[in-house]
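S.K.: Following is a predicted model, sequence given first.
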Amino acid sequence: MSGGPPDLERLSSAIELTPRVLERAANPSAAVDAFATELPAKPVLTIESASGWPSLDLRDMWAHRDLFYFLVWRDVKVRYKQTALGVAWAVLQPLLTMVIFTVIFGRLAGVPSDGEPYPIFVYAGLLPWNFFNQAVTTSSNSLLGNAALITKVYFPRMVIPGAAVGAGLVDFAIAAAIMFLMAFYYGVAFGPGILMLVPLTLLTTLFAAGVGMWMSALNVKYRDVRYALPFVLQIWMYVTPIIYPVTFIPARWRWLIALNPLCGIIQGFRSAIFGRPFDWNGIAISAAVTLILLIYAAFEFRRMEREFADII
Amino acid sequence: MRPIIKVENLGKRYRIGEREPYRTIRDSITRAVSAPWRGLRGILAGDAPARDAGHVWALSDVSFDVMPGEVLGVIGRNGAGKSTLLKVLSRITEPTTGRIELYGRVGSLLEVGTGFHPELTGRENIQLSGAIMGMRRAEITRKFDQIVAFAEIDQFVDTPVKRYSSGMYVRLAFAVAAHLDPEILLIDEVLAVGDVAFQKKCLGKMSDVAREGRTVIFVSHNMASIESLCGSCLMLRGGRLESYGPPEKIIGEYIANELSEDSGQRSLVGHPGRSGSSLQIMTLVRLFPKSGELSALMQIGSPLSVQVDFAAPRAIRPILGVRVKTAQGAPVFGVNNRWTHAGFNGPQLSAGTISCDIASLPLMPGRYSVDLFFGDFGDITRDLDVILDATSFEVYPTDAYGTGLLPPATDGPILWQASWTAQGA
C-alpha cells in the first residue's frame, strides 16, 4: 500500500479492540438508562461569556474554603523549608529590624517616641507594618507563582492571594509573641485596651488582602508591579508613623496622613499596647478606607480574572 | 433521555500574541499609540481594516450534546481546538460566544500532579492536590488509604515527593486524580505517562469509571485509547466541529482526510519555535518520504529526506541536525553531520538547500515532531539557528509484520525486527 490512502480495515485490526468496546457496541444504552432519571431539572452550572461588572460569587468562595485552608497550610509549611534556621527567621527578621531602627533613628537621629522606650515603640509599629509588607509582597506575586494551577484547574482565583495573606498571619503571631516578651522586659503593663489588638489585626488583614489582591491581578498583566511595588512599599513605610510618632507631623498635614489606613492602625496598636486612649476617628477612617478599597479590589479582581488563564 | 452536557455555538477568540510571556505598561502604551497609525496606514494603502485582524478563533460555532454515561473522545490535529474546548468546559478560561449547560458536577484532569509541591510529603501532597482538584477535606480523608494503595507508595507516604522516582511521582499524582468522583470527568492525554504496567492500570481505572456510568470527555492523540475507551467521538478541525459519530468511523475519517492534507512543507520564517539567540538562517523545511513526493504522511519503515533552505549572512559550510520526538516531546533519535562529518568540504555557501537523508524509519504509528539545528563547520561548538518543533509528520499504521497485528502504543515508538527460536528441553 505504498502511497495510496491508509487501509482502514488494517488499521482497525492493528488497534487492539477490547471486549468492552465490543460489548458496548452490542448494547449501547445499557449503562446509560439508569442515569436518565437522576439529572437535575436545572443546569448545575451554566458557562457563558460574562458581560458588564461581575458578581463576587461569595457562595463559590465558601464552597472552596477547604482549598483556602490547604493553600495557607502549604505556604506556611513550605516557607522555611531547606533553611538552616527555619522558623527562627520569623523571630530574627522583626528583632533585627527593630535593633537597626533603634540604633539609627532612636539613638543617632534622636527621633522622639511619645515618652515610651524607643525599642518597644518602634516594634509596636513594625508589628503590623511587617505583616502588611510581607502579605502584600507575597500576595502580589502569588498568582504568577501559581500559574501552573491557574491554567490547569478551576477554582475561585481570589483564594490564591487570600491564602498568601493568611499565611502571613503565622509570622505575625510569632512576632506578636515577641512583643509580649519585650513588653514584659520593659515593664509595660497592659490594660483592657490590649483586646483591641484583635479587631486591629483583622483590619490590617483586610487592608493587606485588598491591596495584595489588586496588585496580584495587575501583576498578571503588567509585570511592572513586581519592580515598582518594593519602592512603593519602602516609601509607604516612611510616610507611615512607624519610626516616628504621629505628633512628628505638622498638624495641618495630619488629615492627609490619616487617609493611609495603616496610620490609624499603627496608632491603634500603640494605644492598645501602652494603654492610652484610642483615636476612634482615626480608626473609623482606616476602617472606611479599607472597606472601600477591599470592595473595589474584589470587583476589579473579578473583572481581570477572566483573562488570567489566557495571558499568565 | 436528556443530555448532561449541552454545548451551543461555543466560540473562543484569542488575540494573536496574547500568549506572550508577559507585557509591561510600556508595551501597552506603545501599542495603544501605534494602533491608530497602523489602521490609518492600512486605509491609505487601500486595505479595508479587517475587524478580526490580530485575532484567532481557537473554537468557533461548536455545538454538541453529551448524554449521561457517554464516554466521548475528542480528536484533531494540534491547534484544532481540543485543549481550548477542555479549558472552556472546565471553566479555566471563559468562552467568547455561546453557552454550555452542565447538569452535573465537573472534575477536570488536564495534567497529572496539578498542585504538587516538591517539598511536601506524599501524604501532604495528596491532601493539597485533592483540595485543588475540588475534593472536600472529609472526602480526602475517606479516600486516603485507597489512594496510597493505588499509587503503591505506602512506605514513602511521609517522604517529600522531591525524593520520589519519576515513576512514583506520576503514580501518586494519577492516583489522586483517579479518585475524584464528579458526574462529569474531563481528561486530557494524561495517560501518556508512567511505565507500561501503570498505564495499563490507569486504562483499567478509566474503564471502571466509564462502566460506573460516569460521563467522560477524553482528549487524546492516541487513537488506540480513544477507540478502546470511547463510545462516541468528535473531530475538531481549525476550531470547528468537523464530524461526530462512532470512534472507528471518525478515526478513519481523521486518518484518511485530515492527515493526507499535510503538505510536508513549512516556512521557517518567523517560526515560533526558534530559540531566543538564533539567527534566522533556515527559511523552509520540506519532508520527502519518497524521492520527489512532498508529504508529511508516511508509512512505517519509510525513508525520510529532510531538506532545509537556508540564507546565511556570510558564506558557511552548513551543519544540519535533525531530532525526531514523539508527540509527547520525548526524543526518539537525532542525527547531525557535525558528528559524522559527512560531506560539505566543498565550497562555502551563503544560501542554498541542505538535505539530510534518513534511511528507513522504524517508527510506530503516531505523530512525530522535528527539531532542527543549523550550524557552521567554521565553529562546531554552537548552533547558529535552532528551531524546536519546526515541523511534524505522521506515521500511519501499516501491516508492517504482515500479520495484521501491531504492538500496542504502550510498547514505545520504535517498531523493531526480531526473531525467535524455541527449543524443547
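M.R.: Here it is on my side, so go on.
S.K.: right, and B:Thr96 touches B:Lys12 too?
M.R.: Yes: if you go by Cβ atoms under 8 Å, B:Thr96 and B:Lys12 touch, sitting 5.3 Å apart. Quick note: C-beta positions are derived from backbone N, CA and C, even for glycine.
S.K.: Which of these two has more residues huddled nearby?
M.R.: In terms of neighbours (other Cβ atoms under 10 Å in any protein chain shown), B:Lys12 is the more surrounded of B:Thr96 and B:Lys12; the figures are 24 against 17.
S.K.: what's B:Pro182 in contact with, if anything?
M.R.: B:104-107, B:134, B:214 (Cβ atoms under 8 Å, 6 or more residues apart in numbering or on different chains).
S.K.: Would you mind pulling the contact partners of the helix or strand containing A:Ala90?
M.R.: In the assignment (DSSP states H and E), A:Ala90 maps to helix A:88-101. Residues outside helix A:88-101 that contact it (Cβ under 8 Å, 6+ apart): A:80, A:83, A:85, A:119, A:122-123, A:126-127, A:130, A:170-171, A:174-175, A:178, A:243.
S.K.: what about burial for those, which qualify?
M.R.: A:119, A:122-123, A:126-127, A:130, A:170-171, A:174-175, A:178, A:243 (16 or more other Cβ atoms under 10 Å in any protein chain shown).
S.K.: sec struct for A:Arg74, please.
M.R.: Following DSSP: H, G, I helix; E, B strand; the rest coil, we place A:Arg74 in the helix state.
S.K.: Run a quick neighbour tally on it.
M.R.: 22.
S.K.: is chain A contacted by stretch B:114-133?
M.R.: Yes: judged by Cβ under 8 Å from any Cβ of the partner chain, stretch B:114-133 and chain A are in contact via B:114-115, B:117, B:119-120, B:124, B:127-128, B:131-133.
S.K.: Next, the buried residues of that stretch.
M.R.: Buried positions in stretch B:114-133, judged by neighbour count with 16+ other Cβ under 10 Å: B:114-117, B:120-133.
S.K.: Tell me the predicted confidence for the residue in the stretch 151-300 of chain A that chain B sits nearest to.
M.R.: Here the stretch 151-300 of chain A gets closest to chain B at one residue, A:Tyr154, 3.9 Å apart by Cβ to the nearest Cβ. On the pLDDT scale, A:Tyr154 is placed at 89.
S.K.: Assign the closest residue to it other than its chain neighbours to helix, strand or coil.
M.R.: Counting by Cβ to Cβ, 6 or more residues apart in numbering or on different chains, A:Tyr154 lies nearest to B:Arg91, which is 3.9 Å off, once chain neighbours are set aside. Three-state assignment for B:Arg91 (three-state DSSP): coil.
S.K.: Tell me who's in contact with B:Arg91.
M.R.: By Cβ under 8 Å, 6+ apart, B:Arg91 lies in contact with A:45, A:47, A:154, B:106.
S.K.: what helix or strand does the nearest residue to B:Arg136 once chain neighbours are set aside sit in?
M.R.: Spatial nearest neighbour of B:Arg136, excluding adjacent residues (Cβ to Cβ, 6+ apart): A:Asp66 at 5.6 Å. A:Asp66 is located in helix A:65-79, with elements delineated by DSSP H and E.
S.K.: interface residues of the stretch 101-250 of chain A facing chain B?
M.R.: A:148-155, A:221-224.
S.K.: Strands - which of those residues land there?
M.R.: Nothing among those maps onto strands, per DSSP state E.
S.K.: Can you say which of the residues you listed are buried?
M.R.: Buried residues within those, counting neighbours by 16+ other Cβ under 10 Å: A:149-155, A:221-224.
S.K.: Which of these fall in helices?
M.R.: Among these, DSSP state H puts A:149-150, A:221, A:224 in helices.
S.K.: export the residues you listed to TSV and tack on pLDDT?
M.R.: Putting these into TSV (pLDDT from 0 to 100) gives the following:
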residue	pLDDT
A:Leu149	89
A:Ile150	91
A:Lys221	88
A:Asp224	89
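S.K.: from these, which single one is nearest A:Gln267?
M.R.: Relative to A:Gln267, the closest of these is A:Asp224; by Cβ to Cβ it sits at 32.4 Å.
S.K.: How about the contacts made by the spatially most central residue of chain A?
M.R.: Central residue of chain A (Cα atoms, centre = their mean): A:Val165, 2.8 Å from the mean position. Listed by Cβ under 8 Å, 6+ apart, the contact set of A:Val165 reads A:135, A:138-139, A:205, A:208-209, A:212.
S.K.: same question, B:Leu86
M.R.: B:74, B:108, B:110, B:186, B:188, B:217, B:219.
S.K.: Check for me that the second one belongs to a helix.
M.R.: No: secondary structure assignment places B:Ser108 outside any helix; it is strand (three-state DSSP).
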